[in-house]
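# Any chance you could fold what I've pasted below:
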Amino acid sequence: MSVGLLLVAAAAWSWFRPLEAALIKDTDAIRDTLVEPAVAEIEAVTVRRGELSLRREATGYLKAIRSVEIASESGGRVVEKHVAEGQRVAAGQVLVRLDSRDRRLEVLEAEAEWLKTRARYAVEYGLRGDEEWVAAEKGPEELYAQGLISKQALEQARRGQGEALLSGDHQNEVRSATSGLAQAEHRLQRANLALERTEIVAPFAGRIADLEVDPGQHVAPGDILLVLVDDANLEVDVDVLESDIVKLCPADPASVRVPALDGLTLDGRVRSINPRVDPETGTGRVTLTFANPGGTLMPGLFAYVDLETGRLADRLLVPAAAVLERQDRELVFRVENGKALWTYVTTGTRSGGWVEVSEGLEAGHEVAVAGHFALAHEAAVEVIR
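Sure, this is the predicted structure:
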């Protein structure tokens, strides 16, 4: 080999050596990133025996147990509005007030007429009042001594002619009617009732909705002023398949999940079951009720309902998350001595996030429920508690 060729070879080698070293370094770095961690972190639970709750899911919309339209029973001009939409009110609280001046005058007139008629009645029959005469259980001598009856009435009683007046209510009613006292009392009662109706009050505690009235507005009898919603407890109607509805009873437990409130779940109860199944759909209506803590839920919200239709006793149970499917077969990763063991299982009924296992596991075995999707058989694992 000539000296020239040797010089060229030496120069090429000196150029290739750094490149070779760099390639080896990059290859090692890539290989390091591809190596699986030595130990996989997983979550695991212990297989147990117990009851499997059979559950069915249905959907519906929340509604208030009580929701009524409050209408005006009297006509007139609105002078005061004491509430706003969404406001909570107590039972008996005044919501809206109408102009009551005419009604107050009617009460004064009825009172005057009643007093005049009552005075005429007392003079005619020698009594202080209708109530004392009817309610008296004392003898005529004592009544006369107290000034409750006239001397003439005392003499009649002594002769036995006043016995019916002292012992019977019908005689007294006849006197009241013929004297006009009863009619005057009725007119006064009607006038007071008309005055009361100028104040629209809450029949029960709740929240104001659909407020449709303002001061100055004229309303007629029967006009809807607002809606009062009792949202302390809510309910939801759901359609349940006939095969499940026959297994339900009032007061059975249930749960209600509301997606609009980040999946808030509340405990409820079956309130009622419609005793009629729709033959076209094969479903029946079930109504559930539940508390509304803090009043955060509103009628009209969409909800999922979870109903318990039965229980299976003494079953071997694992969480549904533990069961995987590989090559059309179901399996779990059983954790033993720090390794994940690929274990085929035979499953049965699934319900409420749990799966019944009839073959492949025993009570007390530990199975992976998270971090196990990409595990291999006998992979080293660490259970995170």
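# excluding its backbone neighbours, what's nearest residue 314?
Of all residues beyond its chain neighbours, the one nearest residue 314 is residue 49 (6.0 Å), with distances taken as CB to CB, 6 or more residues apart in numbering. (Glycine included, C-beta is placed from N, CA and C.)
# Quick check: bridge partners of residue 240?
residue 284 (DSSP bridges).
# Please apply the same query to residue 319.
Residues found in beta-bridge contact with residue 319 (criterion: DSSP bridges) are residue 354.
# packing partners for the helix or strand encompassing the residue nearest to residue 314?
Under the assignment given by DSSP states H and E, the secondary-structure element containing residue 49 is strand 48-71. Strand 48-71 sits against strand 206-209, strand 224-241, strand 302-319, strand 346-351, strand 354-359, with contacts defined as 3 or more CB pairs under 8 Å, 6 or more residues apart in numbering; DSSP states H and E.
# In CSV: the ones you listed, plus distance to residue 329 and mean neighbour count.
Conversion of the helices and strands packed on strand 48-71 to CSV gives the following (distance: least, CB to CB, whole Å; neighbours: other CB atoms under 10 Å):
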stretch, distance to residue 329, mean neighbour count
strand 206-209, 55, 20
strand 224-241, 31, 20
strand 302-319, 16, 17
strand 346-351, 10, 15
strand 354-359, 12, 18
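# Out of those, flag the one nearest residue 106.
The closest approach between residue 106 and any of the helices and strands packed on strand 48-71, judged by CB to CB, belongs to strand 224-241 at 22.6 Å.
# Return the backbone torsion pair for residue 114.
In terms of degrees, to the nearest 10, the main-chain angles of residue 114 are phi -60, psi -40.
# what about it, distance to residue 102?
Distance from residue 114 to residue 102, counting by CB to CB, to the nearest Å: 19 Å.
# circling back: burial measure for the residue nearest to residue 314, as a count.
Counted with other CB atoms under 10 Å, the burial measure for residue 49 works out to 12 neighbours.
# Including mean pLDDT and distance to residue 194, could the helices and strands packed on strand 48-71 go into CSV?
As requested, those are arranged in CSV below (pLDDT from 0 to 100; distance: least, CB to CB, whole Å):
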stretch, mean pLDDT, distance to residue 194
strand 206-209, 95, 25
strand 224-241, 95, 17
strand 302-319, 91, 45
strand 346-351, 90, 61
strand 354-359, 92, 65
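# For residue 193, find the nearest of these.
Counting by CB to CB, and looking across all of these, nearest comes strand 224-241 at 18.7 Å.
# Tell me the helices and strands packed up against that closest one.
Secondary-structure packing of strand 224-241 (3+ CB pairs under 8 Å, 6+ apart): strand 48-71, strand 94-98, strand 206-209, strand 283-291, strand 302-319.
# where's it relative to the chain centroid, distance-wise?
The chain centroid and the centroid of strand 224-241 are separated by 8 Å under CA atoms, centre = their mean, to the nearest Å.
# And stretch 336-348, by the same measure?
For stretch 336-348, the distance between its averaged C-alpha position and the chain's averaged C-alpha position is 43 Å (CA atoms, centre = their mean).
# now stretch 243-259
Taking CA atoms, centre = their mean, one finds stretch 243-259 lying 14 Å from the centre of the chain it belongs to.
# and what of stretch 210-228?
Relative to where its chain is centred, stretch 210-228 has its mean C-alpha point 28 Å off (CA atoms, centre = their mean).
# Flag every buried residue along that stretch.
211, 213, 219, 225-228 (16 or more other CB atoms under 10 Å).
# okay, those residues in TSV with distance to residue 182 next?
Shown next, in TSV, are the buried residues of stretch 210-228 (distance: CB to CB, whole Å):
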residue	distance to residue 182
211	42
213	38
219	33
225	35
226	38
227	40
228	37
